[in-house]
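# Would you be able to build a 3D model of this:
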Amino acid sequence: MLKSTQRLATTAVLLLASIGASAQPASTKPLEIAGVYQEQAGPAARCPSKFGGTIAGHGQSAQLGRVAFIATDCITPQPPLFNFSEGRFVVVTTSGDQIFATYSGQFVPTGVGANYVFSGATFQITGGNGEYAKASGGGALNGTQDMATGMGTLKLTGQIRHAEGKENTERQLGRFN
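Here you go, the predicted structure:
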């Protein structure tokens, strides 16, 4: 009986210690990314409209530093608008950490050439890896695009929530060594 009680007590202590060691406080911070991109539109079998876009770009963030991003979305033309949905977005930091997000919205013509602006566009952070594993958050997605060239500007403004534990702090400090 004494051995069983000791085993149970030892197991409980180890379990509590492991929970305390693995628990990392999470914080919510502002997130803003501004950049430029190129979109290539064309056939997309995964989309209900069978039409979509592939996006590649780069930008800058006060919170993340320099970033690159890639994305795909489904495009549904509803002249003069274009709806984009089922967007999948990956932001890559210079350290290689990634933030995953989904997005949707509309392109609305500006009345000047083939220039469009985003309308009602939002993004939702769905996770990541490295420092941003289990990240969450979201916000507004603003931008422009010249439909004739596929060139555009992009600005994500919102919040990101992610763990800030010992491993993340050590990794951040390692960036300066």
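
# can you pull the contacts of the closest residue to Ala56 other than its chain neighbours?
Using CB to CB, 6 or more residues apart in numbering and skipping residues adjacent in sequence, the residue nearest Ala56 is Ile70, 5.3 Å away. Where C-beta positions appear, they are placed from N, C-alpha and C, glycine not excepted. Residues near Ile70 by CB atoms under 8 Å, 6 or more residues apart in numbering: 54-57, 89-90, 92.

# ok, the residue nearest to Gly152 when sequence neighbours are not counted - how many residues close by?
Using CB to CB, 6+ apart and skipping residues adjacent in sequence, the residue nearest Gly152 is Gln145, 3.5 Å away. Counted with other CB atoms under 10 Å, the burial measure for Gln145 works out to 23 neighbours.

# which residues touch Gln145?
Neighbouring residues of Gln145 by CB under 8 Å, 6+ apart: 39, 107, 115-116, 151-152.

# Direction included, what does the strand or helix carrying the residue nearest to Ala56 pair up with?
In this assignment (DSSP states H and E), Ile70 forms part of strand 65-78. In the sheet, strand 65-78 lines up against strand 51-61 (antiparallel), strand 81-93 (antiparallel) (DSSP bridges).

# same question for it, mean pLDDT?
Strand 65-78 comes out with an average pLDDT of 96.

# Return the most buried member of the strands paired with strand 65-78.
Mean neighbour count, computed with mean count of other CB atoms under 10 Å, is highest for strand 81-93 among those, reaching a mean of 19.

# CA atoms of it as CSV?
As requested, the backbone C-alpha atoms of strand 81-93 are provided in CSV (Å, rounded to 0.1, in the frame of the first residue of the first chain):
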residue,chain,number,x,y,z
LEU,A,81,-16.5,42.9,-58.8
PHE,A,82,-14.3,39.9,-58.1
ASN,A,83,-14.9,37.9,-54.9
PHE,A,84,-12.0,36.1,-53.5
SER,A,85,-12.5,33.3,-51.0
GLU,A,86,-11.0,30.1,-49.6
GLY,A,87,-7.7,32.0,-49.4
ARG,A,88,-4.7,30.3,-47.8
PHE,A,89,-1.8,32.5,-46.8
VAL,A,90,1.7,31.7,-45.4
VAL,A,91,3.9,34.5,-44.0
VAL,A,92,7.6,33.5,-43.6
THR,A,93,10.0,35.4,-41.4
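
# Thanks again, I'm all set now.
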